[in-house]
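Chemist: got a predicted structure here, sequence first:
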Amino acid sequence: MTSLADKQVLTAGDISRMIEIAWEDRTPLEAIKAQFGLKESAVIRLKSHLRLAGN
């Protein structure tokens, strides 16, 4: 699997996929970090931000 850690900016598709994976709760946040290059705290903040934006 290709890591996106070297990318400067995540695309909307990258973010959408990452959130989909994170919300499934089957994928450990460490795996998301390896794939997308974001720390656990950043994924949690992004999920929270998107959840609040949807309300």
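Modeler: Nice, thanks for sending it over.

Chemist: low pLDDT regions in this protein?
Modeler: Applying pLDDT under 70 to the chain picks out residues 1-8, 54-55.

Chemist: can you tell me the element the most centrally placed residue in it falls in?
Modeler: Nearest residue to the geometric centre of the chain (C-alpha atoms, centre = their mean): M18, 3.6 Å. M18 belongs to helix 12-24 when elements are defined using DSSP states H and E.

Chemist: next: R45.
Modeler: Here R45, judged by DSSP H and E, is contained in helix 40-53.

Chemist: what is that helix packed up against?
Modeler: helix 12-24, helix 29-36 (3 or more C-beta pairs under 8 Å, 6 or more residues apart in numbering; DSSP states H and E). Every C-beta, even on glycine, is put in place using the N, C-alpha and C of the backbone.

Chemist: figure out which of the ones you listed is closest to A53.
Modeler: For A53, the closest of the helices and strands packed on helix 40-53 is helix 12-24, at 11.5 Å, according to C-beta to C-beta.

Chemist: one step back: mind listing what the residue nearest to the centre of the chain touches?
Modeler: Residues near M18 by C-beta atoms under 8 Å, 6 or more residues apart in numbering: L10, I32, Q35, F36, L38, V43, L46.

Chemist: and the gap between the first one and S41?
Modeler: Spelled out, it's L10. 16 Å (C-beta to C-beta, to the nearest Å).

Chemist: so these two - more neighbours on which side?
Modeler: Comparing L10 with S41 by other C-beta atoms under 10 Å, the one with more neighbours is L10, at 16 against 9.

Chemist: does the more buried one touch F36 like I think?
Modeler: Yes: counting by C-beta atoms under 8 Å, F36 is a contact partner of L10 at 6.7 Å.

Chemist: about what we covered before: ranking the helices and strands packed on helix 40-53 by burial, who's on top?
Modeler: helix 29-36 (a mean of 16; mean count of other C-beta atoms under 10 Å).
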